[in-house]
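Asks: Here is my input, please return the structure:
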Amino acid sequence: RTAVSSTYRWSLLFMTAITSSSDAMLSIWRVILIYGAMCYQLGSATNCTGKLTSSSNTAALQSLYEACTGNYWTWQTGNGTIWNFTKAAGEVNPCVDDWQGVNCSLSNGECVVSAISLTSYNLSGTLPSDLEFGELLSLEVLTLDSNHIAGSLPSSLFNLTVLKHLDLSNNILTGTLGVA
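Replies: Residues are numbered from 1 along each chain as shown. Reported below is the predicted structural model:
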């Protein structure tokens, strides 16, 4: 799928590989996203100066952090701030605090998460199955490849209607990939 907008320019090749387990009773879908020429510009925290990050977006990030064992993630030096949920309610602000792997944009006067890119951050566990993850309604990019995420894709993933780029390759995902 190719998508072109003022914020993103994409050239993507999607490839789906379908395999079966040895007992041939369980179908396993693995989604491999191969992208060659990808050039994008993400909204930055500067658009959000003085603005609070949407509380539902912050809750969704916390849900991801907890479900994928955030205490054991491998943080990258000089690549933004480590995620921190220890502040008082209403003071956690991933967009203004420049959290690693999180890009934001301004939407209707509120900062919203537009991209999560955590390639090779040592994520493990499963993707959040609760509805909070599906509350990232402005999420256009979700890149969680080359980690240790197991389990199946949560149905809340299909609530992300503006998602343009999804890369979950090189994880341990099983089950079927539904059609939204």
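Asks: first to last residue in stretch 73-86, what's the distance?
Replies: Its first and final residues considered, stretch 73-86 spans 17 Å by C-alpha to C-alpha, to the nearest Å.
Asks: For it, which outside residues touch it?
Replies: Contact partners of stretch 73-86, identified using C-beta atoms under 8 Å, 6 or more residues apart in numbering, comprise 61-62, 65, 70, 92, 94, 97-102, 118, 120-123. No exception for glycine: its C-beta is placed from N, CA and C like everyone else's.
Asks: So which residues of the protein form strands?
Replies: 8-9, 13-20, 27-34, 39-40, 102-107, 110-117, 124-126, 141-143, 148-151, 165-167, 172-173 (DSSP state E).
Asks: one step back: from the contacts of stretch 73-86, which would you call buried?
Replies: 61-62, 65, 70, 92, 94, 97-102, 118, 121, 123 (16 or more other C-beta atoms under 10 Å).
Asks: Can you list which of those are found in helices?
Replies: 61, 62, 65 (DSSP state H).
Asks: Same list (those residues) but as JSON lines, adding distance to residue 166 and pLDDT.
Replies: Listed next are those as JSON lines, based on distance: C-beta to C-beta, whole Å; pLDDT from 0 to 100:
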{"residue": "61", "distance to residue 166": "17", "pLDDT": "94"}
{"residue": "62", "distance to residue 166": "21", "pLDDT": "93"}
{"residue": "65", "distance to residue 166": "19", "pLDDT": "95"}
